[in-house]
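>>> Have a look; sequence and predicted model below, questions after that.
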Amino acid sequence: MMRSKHCKLFQNLIFYLTPGVKPGIDMMRDIIESAGGRVLISRPSLKNIMVIRKNIASTAFIVVTCDNDLPSCRDLFNDHIEIHNAEFILTGVLKQQLDFNTFKYYGKVG
């Protein structure tokens, strides 16, 4: 628990939550913001996402989605944007560590 007091888990991370994400956008926003992250209300353009990644870090912009919303993320896969399910947030907060592999969506949407 020392990490949560000194360095917030999601510090310097910017999130976009797709509309169907569970347990719900409001709850996910509260969790992310309490861990130091920032949640965008609307999805930025690919150009703006690239600026975020260039100025902060390649993993600074993260999309949190669900299976039903994956088609709306189709263009993001091509640009190697981090796309994860909600467990990335929930498990990360519980364990106080980021796991960029276990809950990541890979590949293209059909």
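Right, received. Where do you want to start?

>>> what pLDDT does residue 109 get?
The pLDDT attached to residue 109 in the predicted structure is 61.

>>> try residue 100
If you check residue 100, the pLDDT there is 95.

>>> Spell out the secondary structure type for it.
Following DSSP: H, G, I helix; E, B strand; the rest coil, residue 100 is assigned to coil.

>>> Next up, the contacts around it.
Going by Cβ atoms under 8 Å, 6 or more residues apart in numbering, residue 100 touches 59, 82, 84, 88. To be clear about C-beta, it is placed using only N, CA and C from the backbone, and glycine gets the same treatment.

>>> what is the mean pLDDT for the host helix or strand of the third one?
Element membership of residue 84, judged by DSSP states H and E, is strand 82-85. In this model, strand 82-85 has an average pLDDT of 96.

>>> and stretch 48-68, how far apart are its ends?
25 Å (Cα to Cα, to the nearest Å).

>>> buried residues in that stretch?
Across stretch 48-68, burial judged by 16 or more other Cβ atoms under 10 Å covers 49, 52, 53, 60, 61, 62, 63, 64, 65.

>>> okay, how far is it across stretch 45-64, tip to tip?
Where stretch 45-64 begins and where it ends lie 16 Å apart, using Cα to Cα.

>>> Residues contacting that stretch, please?
Residues from elsewhere that reach stretch 45-64, judged by Cβ under 8 Å, 6+ apart: 12-18, 21, 28, 43-44, 73, 75-76, 79, 81-86, 88-89, 100.

>>> What of stretch 34-43?
Counting by Cβ under 8 Å, 6+ apart, stretch 34-43 makes contact with 4, 8-17, 28-29, 32-33, 63, 92-93, all of which sit outside it.

>>> so how far is that stretch off the chain centroid?
Centroid separation for stretch 34-43 versus its chain: 9 Å, with Cα atoms, centre = their mean, to the nearest Å.
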